[in-house]
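Novice: what's the 3D shape of this:
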Amino acid sequence: MKTRHAEIGFVLALLVIVLVPRLVRLSADPPLDFQTGYQPDEGAWAHNARQHVLFGRWVMDEHNPGLFAAPLYTLVLAGVYRLAGVGLLETRLLSAIAGTLTCLLLYGLLRTERTRHESMPPVLLLGGSYFMLSNNRVGFTESLQLVFIIAACLAVLRAARSPRWGVLGGVCFIASLLAKPSAVVLAPIFLGFWILHRVFAPRDDALPRFSLQSVTWFALGAGVTTLIVFLSLVRPNWESILQQLSISTRNVYGAAAGEDRPRLVLFGWEGLGMTLNLFWTQCLVLLAAAGALLIARLGKALPRRPDLLELLCWSWVVVGLLFLASQGYQPDRRFLFLLPPIAVLAWQAASEGALRVPAREEWRGPGADRHSMVLGGFLGAAVAFYAYPALNHKILPALTLSQILPLQTWSGGWVVTAGLVLGAVLGPVARRVLPHSSHRLPTITFSQSQQPIVSAPDSRYRAASRSAPMTWMTAIVRNRALDWLRRPNLERGDEDYDLLVEALPDDAPGPEALLGMSRDARALADCLKQLSGNQRQTIMLAYAHGLSHGELASHLKEPLGTVKTWIRRGLDRLRGCMDGKIN
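Specialist: Numbering: from 1, shown residues only. Got it, this is the predicted structure:
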C-alpha cells in the first residue's frame, strides 16, 4: 500500500512539474528561433473548428486541412472552444494539455519494463525539453497526435505479454492517423519492433516469447476502427479528403518551397536528405547520449541486454528518421514524435554507463572492422551535418572559387557524403588506437537494482560450499564483491566471470582439495556465463544472499511469476551444464 501511495505521489508531482510551464503565459509570442511560416500555419489548422463553433456548422472554403487531414484534432479543438471559448489561448491550451498527457503516458510506457525510479528521469527529460515545451505551447496538430502515438506504443508493448492489448494499440494507431496522417510511420515502426522481438526472444529468456496473437489483435482493432471511420467520414467526403491529401503529399514530398534551411542529401540523391532544423540543434545532448548507447551496444560493453522497451525505441528512432529523410519539406515540429524514444535511450545511456570512451578490447573479434566502418561512417556524417552551416556561410564564401563555381549549392549535396565516406575509412583505423581500458563518466542511477546487489556470505555458506557444487556460488559471490572493491571501474558482464576463478579463497585445507574446488568453481564459472543477466542475478541473490522469491520480486520490482521463471530456467540450464562438465 505504501508503494502504491508513493507512486501516486510521483505521478501527481510529475503532473505539476510538466503542466505548469506549459500554462504560464500561454498566449505569449513563440520563441524567435521558431521556423519561418509558423504564425499563419497555426491558424490554418484551427479555422475549421473555429468556424464550426462560431456559425454552428462546418463552413467550407478553398483550403480545409483541419477538417479533412486532421479531423480528430479539429473535433477535439472544437470541444475545447465550446468549453473555454474561441481564441488564441484556447487554441494553444489543447497542445499544452496534450503535452502533459504525453509525459504521463510515457511514464506508463516505461513502467511496463522499468522500475519507478528508472521511469521518472526520461519523463522529466521529455517534459523539460525546450523543443518539446516550445511545441506544446503553440496550436499545432503534432502535440495531440503524439498522445495517441504514445498510447499506441504502450498498448503494443503490453500486447507482447497480454496479446489482447493489441486491440487498443490498433485503435490508437488509427486515432493518431486521424490527428494527422503523418502517423502512418507507426506501421513500419511496429513491424520493425515485432521483427526485433522475434529475433531477440530466443536469445534471452527474460524476454517473453513472440506471439502472432498480438499482431492479430492489433490488426483487428485497426481494421474495425478503419471500417467505422471509412463509413462515417471518408466515404461521404471522399473527393474533399482526396484533394486535401494530394495537397499535403505535394507539400511533403515535393520541392520545399520557401524553405529557409538547405536539405543535406547523400551522394547528391534527393530521395534521402535531412534539414538541420531546431530538433537537431536543441536536442543535441540527448541525441549524443543515444548515440553513445548505440556505440556501447555495438561494442557489447553493457551487461544489461536490451529489453522490449529498448527494442521498440530503436525501431522508433531508425524507422522514424528514414521516414522523415524521404520528405522534402521538414518543419521542426514534424520531428516531435522522435523525442520520446530519444529521451528514453539518452537516460538509459547515462544510467548504464554508456557515456564512455570505449576500450580497444571491445572492438576485436569477427565483424569488428565492419561494425567500426558503419559506426565511423555514422559519426563522420553527423560531424559534417553539424559543421555544414559554418562551411557554407564562412569557409566557402572566403574561397575565390566560389565566384566561379556554385560551391555552396554543391556542398549541400556532398558535404555529408564526404563525412560518411571519410568516417567509414577511418573507423577501422580508429578502433586500433583506442585506449586499453574504457574511460567513462560517472553512472547516474536512481535504482538500487542497478547497484552491486550482493555482499559476501557468512561462514555457514562457506562451510556448505565444500559439500555440493551448486553451493559454490557463495564463494563466487564473496570473491566477486571483493573484486568490485579492488576494481571500482570494473563492470558486471559475461566476460568478467573469468576473474572469479582467479579470486577463489586461499584457506583451502590442502592442495588436493584445492584442486577439486578450483575445478568445480571453474566449471561453475563457465556455466554461469551461459545464463542471461537476469537469471544469474536472481540465482545469486536467492542462493547466496538468502532472499525468498517474494523478497526478490520486491527488490527487483518485477512480477513474482517472472522472478520464479528466471530462477527455474536458470537452474535448469545450470544443472544441465554442470552435469555435462562433471561427468
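Novice: tell me the SS of Val265?
Specialist: Classification of Val265 using DSSP: H, G, I helix; E, B strand; the rest coil returns strand.
Novice: what about it, how many neighbours?
Specialist: A count of neighbours around Val265, defined by other Cβ atoms under 10 Å, yields 18. To be clear about C-beta, it is placed using only N, CA and C from the backbone, and glycine gets the same treatment.
Novice: please name the bridge partners of it.
Specialist: For Val265, the beta-bridge partners are Gly273 (DSSP bridges).
Novice: isn't it right next to Thr275, touching?
Specialist: No. Using Cβ atoms under 8 Å, Val265 is not in contact with Thr275; the gap is 10.3 Å.
Novice: against His555, how distant is Ser211?
Specialist: Applying Cβ to Cβ, to the nearest Å, the value for Ser211 to His555 is 29 Å.
Novice: same question, Gln243
Specialist: 60 Å.
Novice: do Gly108 as well
Specialist: 23 Å.
Novice: go on, Ala525?
Specialist: Applying Cβ to Cβ, the value for Ala525 to His555 is 24 Å.
Novice: neighbour count for the two, which is higher?
Specialist: Of the pair Ala525 and His555, Ala525 is the one with more neighbours under other Cβ under 10 Å, namely 19 against 16.
Novice: mind checking pLDDT for that one?
Specialist: pLDDT for Ala525: 74.
Novice: which stretches of the stretch 201-350 of the chain have low pLDDT?
Specialist: Scanning the stretch 201-350 of the chain for pLDDT under 70 picks out the ranges 247-262, 266-268.
Novice: walk me through the domains of the protein.
Specialist: Listed by automatic domain parsing, the domain ranges of the chain are 2-26+37-346, 360-434, 455-582.
Novice: pick the most buried one from those.
Specialist: Comparing these by mean neighbour count (mean count of other Cβ atoms under 10 Å), domain 2-26+37-346 comes out on top with a mean of 19.
Novice: how far is it from where the chain is centred?
Specialist: 13 Å (Cα atoms, centre = their mean, to the nearest Å).
Novice: can you check stretch 552-562 too?
Specialist: 24 Å.
Novice: can you give me the end-to-end distance of it?
Specialist: Stretch 552-562 has its terminal residues 10 Å apart, counting by Cα to Cα, to the nearest Å.
Novice: Pro121 and Ala346 touch, don't they?
Specialist: No. Using Cβ under 8 Å, Pro121 is not in contact with Ala346; the gap is 9.5 Å.
Novice: in a helix, Ala175, correct?
Specialist: Yes. Applying three-state DSSP, one finds Ala175 inside a helix.
Novice: need the pLDDT of it.
Specialist: pLDDT recorded at Ala175 is 96.
Novice: again, but for Val454
Specialist: pLDDT, Val454: 35.
Novice: do the same with Ala464
Specialist: The predicted local confidence for Ala464 is 41.
Novice: so where do the helices sit in the stretch 151-300 of the chain?
Specialist: With DSSP state H, counting those that start in this stretch, the ranges of helices along the stretch 151-300 of the chain come out as 165-179, 186-200, 212-229, 238-253, 278-282, 284-298.
Novice: so can I have CSV of those showing distance to Arg158?
Specialist: CSV is the format used below for these (distance: least, Cβ to Cβ, whole Å):
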stretch, distance to Arg158
helix 165-179, 4
helix 186-200, 13
helix 212-229, 9
helix 238-253, 32
helix 278-282, 29
helix 284-298, 24
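Novice: Ser315 is nearest to which of those?
Specialist: Across the helices of the stretch 151-300 of the chain, the minimum distance to Ser315, taken as Cβ to Cβ, is reached by helix 186-200, at 3.6 Å.
Novice: Ala350 contacts Ala289, correct?
Specialist: Yes. Look at Ala350 against Ala289 with Cβ under 8 Å: they come within range, at 6.1 Å.
Novice: overlap of the contact sets of those two?
Specialist: The contact sets of Ala350 and Ala289 do not overlap (Cβ atoms under 8 Å, 6 or more residues apart in numbering).
Novice: distance of Ile174 relative to Ala151?
Specialist: Distance, Ile174 to Ala151, using Cβ to Cβ: 11 Å.
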